[in-house]
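Chemist: Sequence first, then the predicted structure:
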Amino acid sequence: MRTAEPDPPGERPSPEAGRLEELLKAVAGAGDGDRVSIGDALAAVGPTSFGALILVPALVLVSPLSGIPGVPTALGLVIFLVSVQFLVGRDSIWLPGRLRRAGLSRTRITSALGRTGPFVRVLDRLVKPRLRFLVNRASTGVFAGICAVLTLTLPILEALPFVATTTGSVIALYGFAILAEDGLVALLALLATVLAVLGAVLFVIPAFLALVT
């Protein structure tokens, strides 16, 4: 995945393919039959677009699907593996066969992603290439490391219903910033990370400890 290019590889799609709404349509229509596997979704997104590869599973975490037991952990593992492989410079993403085959019904995915439609269309209008010096190779590596660390919290957060959506939202900001080359969104993602950490220390960790004690 590493080249001599100054910008992340695969992050200059056509205006249509680069739009979030188009990505979600591609995911909803991925594969065959009445089920969409993780492998199908990643193949539809493209194996070399780091921004899209973390954005799509993060958006699923933001949707009601995050309330299904096992979904946050599985998607967190996908994002973790994608992030680590970006950091070590792989040209394309590898996932274990069992993880690639995991998935959900197409109806469920279409319904969950459809609920994000109005929000997605607003983002598509607002986000644009700007402050590109904040979304370069070095900073993208930092973002990948942050996303990898954030995913480590997801197995724990499953014990608290829908709390995983917070982590998913932060990771989605990083993915969209990289995909759209929007430095302003990258700054918002960093701010959201700080707020999420503070929220975890002040609220989530005490709630989890109260749950297990």
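Modeler: Sure thing, it's come through.

Chemist: Strands of the protein, start to end?
Modeler: Per DSSP state E, the chain carries strands over the ranges 35-37, 103-105.

Chemist: can you list contacts of stretch 79-87?
Modeler: Stretch 79-87 is contacted by residues 1, 50, 53-54, 57-58, 93-95, 99, 140-141, 144-145, 147-148, 151-152, 171 when judged by C-beta atoms under 8 Å, 6 or more residues apart in numbering. Placement of C-beta: from N, CA and C, glycine included.

Chemist: Which residues lie in contact with the residue nearest to Leu65 when sequence neighbours are not counted in this structure?
Modeler: Nearest residue to Leu65, sequence neighbours excluded (C-beta to C-beta, 6 or more residues apart in numbering): Ala112, at 4.7 Å. Going by C-beta under 8 Å, 6+ apart, Ala112 touches Val60, Ser63, Pro64, Leu65.

Chemist: One more: Ile178?
Modeler: Applying C-beta under 8 Å, 6+ apart, the residues near Ile178 are Pro8, Glu11, Phe50, Gly51, Ile54, Leu55, Val135, Thr140, Phe143, Ala186.

Chemist: for the last one, what are its contacts?
Modeler: The contact partners of Ala186, by C-beta under 8 Å, 6+ apart, come to Leu131, Leu134, Val135, Ser139, Phe143, Leu173, Tyr174, Ala177, Ile178.

Chemist: okay if I get the residues you listed as JSON lines plus pLDDT and distance to Phe119?
Modeler: Formatted as JSON lines, the contacts of Ala186 follow (pLDDT from 0 to 100; distance: C-beta to C-beta, whole Å):
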{"residue": "Leu131", "pLDDT": "94", "distance to Phe119": "22"}
{"residue": "Leu134", "pLDDT": "93", "distance to Phe119": "23"}
{"residue": "Val135", "pLDDT": "93", "distance to Phe119": "22"}
{"residue": "Ser139", "pLDDT": "94", "distance to Phe119": "25"}
{"residue": "Phe143", "pLDDT": "96", "distance to Phe119": "21"}
{"residue": "Leu173", "pLDDT": "93", "distance to Phe119": "13"}
{"residue": "Tyr174", "pLDDT": "95", "distance to Phe119": "17"}
{"residue": "Ala177", "pLDDT": "92", "distance to Phe119": "16"}
{"residue": "Ile178", "pLDDT": "92", "distance to Phe119": "19"}
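
Chemist: ok so, going back, ok, and which of the strands of the chain has the densest surroundings?
Modeler: strand 35-37 (a mean of 18; mean count of other C-beta atoms under 10 Å).

Chemist: Pull up the pairing partners for that strand, direction included.
Modeler: The strands beside strand 35-37 in its sheet (DSSP bridges) come out as strand 103-105 (antiparallel).

Chemist: What mean pLDDT does the partner strand get?
Modeler: If you average the pLDDT over strand 103-105, you get 87.
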